[in-house]
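Student: Turn this into a model:
(one chain, ligands or ions: 1)
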Amino acid sequence: MGNTSNKVAWLVFAIMAIGVGLYPLMYAVVDGKYGLLFSKSDELLESVIWNIGFYGHISFGGLALLTGWAQFSKKLRSNYLNIHRNLGKFYVICALISGVCGIGISFFATGGWIAALGFFCLGIFWVFTTSKAYLAIRSKDVALHEGMMIYSYAACFGAVTLRIWLPLLTIAFGEFIIAYRIVAWLAWVPNVIFAYFWVRKRGILLG
Ligand code: HEM
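Tutor: Predicted coordinates for the structure are as follows:
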């Protein structure tokens, strides 16, 4: 029974990560404007810097989400350590590029400073925990590496939880902008709290 629910949880986790990981493709597939671009001014849409930031963010963010979840498989780590290492380096590069771009475009977020600050803090947290996790494993500190990667992917998974919360909040408040300001925080703060208890449950002491 425990085993079955564990498998179901894994399947749901993987499907959500893959589903939202592929979502940025919509911006390439759809002709003309799509999604968030409708809420942006023509001036911003013409900015080369913002476009580099935006497309850099969503493409590498998608790749980070697509690869990161598999790294938590114990089987992968114990039987195919090489794959874990290579996939891990790929995740770190993608997360850092997407995170830095995300921090850059956070200043132009729809919904003003409350939304901007939420995304900015998420970006700082993602870049910090990912770098720390990488540096930890370079110095062979497995516990710190594992703990920081749990935090890093909890931040990354904010892209998934955002897309669960946003429609619910939009219905609850009957307005998109208020929902968007809230979701810039609600998308990731509960994930980080969840990660904190997960890290504690695994008996990992950080610091
Ligand atoms: C974890 C750190 C992340 C930060 C700090 C972040 C930040 C941002 C920011 C600031 C925006 C623009 C919001 C606006 O202009 O109103 C945005 C949009 C977007 N982000 Fe992220 N993001 C993160 C993770 C991810 C990941 C992992 C993905 C992968 C799927 C992703 C995919 C997208 C997409 C597709 C959009 C366009 C909006 C939409 O179509 O829903 N983000 N993000």
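
Student: Contacts only, for residue 7.
Tutor: The contact partners of residue 7, taken as Cβ atoms under 8 Å, 6 or more residues apart in numbering, number zero. C-betas here are computed from N, CA, C, even on glycine.

Student: I'd like to know the predicted local confidence at it, please.
Tutor: On pLDDT, residue 7 comes in at 91.

Student: any idea whether it is helix, strand or coil?
Tutor: helix (DSSP: H, G, I helix; E, B strand; the rest coil).

Student: mind checking the SS state of residue 140?
Tutor: With three-state DSSP as the basis, the three-state label of residue 140 is coil.

Student: what's the burial count for residue 107?
Tutor: 13 (other Cβ atoms under 10 Å).

Student: So the residue nearest in space to the middle of the chain versus the ligand, what's the distance?
Tutor: The centre of the chain sits closest to residue 156, judged by Cα atoms, centre = their mean, with a distance of 1.6 Å. As for residue 156, its distance to the ligand is 5 Å (criterion: Cβ to the nearest ligand atom, to the nearest Å).

Student: how about the residues of this protein near the ligand?
Tutor: Listed as neighbours of the ligand in the chain under the rule Cβ under 6 Å from any ligand atom: 20-21, 23-24, 35-36, 57-58, 61-62, 64-65, 99, 102, 105-106, 108-110, 119, 122-123, 126, 155-156, 158-159.

Student: Identify those among those residues that sit within helices.
Tutor: 20-21, 57-58, 61-62, 64-65, 99, 102, 105-106, 119, 122-123, 126, 155-156, 158-159 (DSSP state H).

Student: Whichever residue of the chain sits closest to the ligand: what's it in contact with?
Tutor: Nearest to the ligand, among the residues of the chain, is residue 61, at 3.0 Å (Cβ to the nearest ligand atom). Residue 61 makes contacts with 24, 94, 98, 102, 156, 159, as judged by Cβ under 8 Å, 6+ apart.

Student: From what I see, the second one and residue 58 are in contact.
Tutor: No - at 11.4 Å, residue 94 does not count as touching residue 58 under the criterion of Cβ atoms under 8 Å.

Student: distance between the ends of stretch 107-116?
Tutor: 5 Å (Cα to Cα, to the nearest Å).

Student: List the buried residues of that stretch.
Tutor: 108, 109, 111, 115, 116 (16 or more other Cβ atoms under 10 Å).

Student: same question, stretch 11-28
Tutor: 16, 17, 20, 21, 23, 24, 27.

Student: Pick the one among those closest to residue 75.
Tutor: Nearest to residue 75 out of the buried residues of stretch 11-28 is residue 17 (Cβ to Cβ; 17.1 Å).

Student: Nearest spatial neighbour of the closest one, chain-adjacent residues omitted?
Tutor: Once flanking residues are discounted, residue 17 sits nearest to residue 69: 4.2 Å by Cβ to Cβ, 6 or more residues apart in numbering.

Student: On the three-state scheme, that neighbour is what?
Tutor: Under three-state DSSP, residue 69 comes out as helix.
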